[in-house]
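S.K.: no sequence on this one, just coordinates:
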């Protein structure tokens, strides 16, 4: 992927995670599943290589969990 497209994807992913993060999203499986679907759709929309989407999705969610407190505090 091109650098500009990756940068735009990162911004959109961050906005999506921030909008959908709730106070207990790291505990509730239904909320995690919704976020996972959103991330997968965005990756597909931006032309992310299909064979790397699963790893990218898991990485994004792991990173979001690491900053979960900040995400929910800023809502």
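M.R.: Great, that's in hand. Not measured: the values here are computed from a predicted model.

S.K.: Next secondary structure after the one helix or strand residue 19 maps to?
M.R.: Using DSSP states H and E, residue 19 maps to helix 3-20. Next helix or strand after helix 3-20 toward the C-terminus (DSSP H and E): helix 29-45.

S.K.: mind listing what's buried in the helix or strand following that next one?
M.R.: Sequence order places helix 53-66 as the next helix or strand after helix 29-45, per DSSP H and E. Residues 56-57, 60-61, 64 are the ones in helix 53-66 that count as buried (16 or more other CB atoms under 10 Å). Backbone N, C-alpha and C define where each C-beta goes, glycine included.

S.K.: Which strands or helices does the helix holding residue 19 pack on?
M.R.: Helices and strands touching helix 3-20, by 3 or more CB pairs under 8 Å, 6 or more residues apart in numbering; DSSP states H and E, are helix 29-45, helix 53-66.

S.K.: Export these as a markdown table, with columns for mean pLDDT and distance to residue 3.
M.R.: Formatted as a markdown table, the helices and strands packed on helix 3-20 follow (pLDDT from 0 to 100; distance: least, CB to CB, whole Å):
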| stretch | mean pLDDT | distance to residue 3 |
| --- | --- | --- |
| helix 29-45 | 89 | 16 |
| helix 53-66 | 89 | 16 |
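
S.K.: Is it possible to get TSV of those helices that adds distance to residue 5?
M.R.: Output for the helices and strands packed on helix 3-20, formatted as TSV (distance: least, CB to CB, whole Å):
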stretch	distance to residue 5
helix 29-45	11
helix 53-66	14
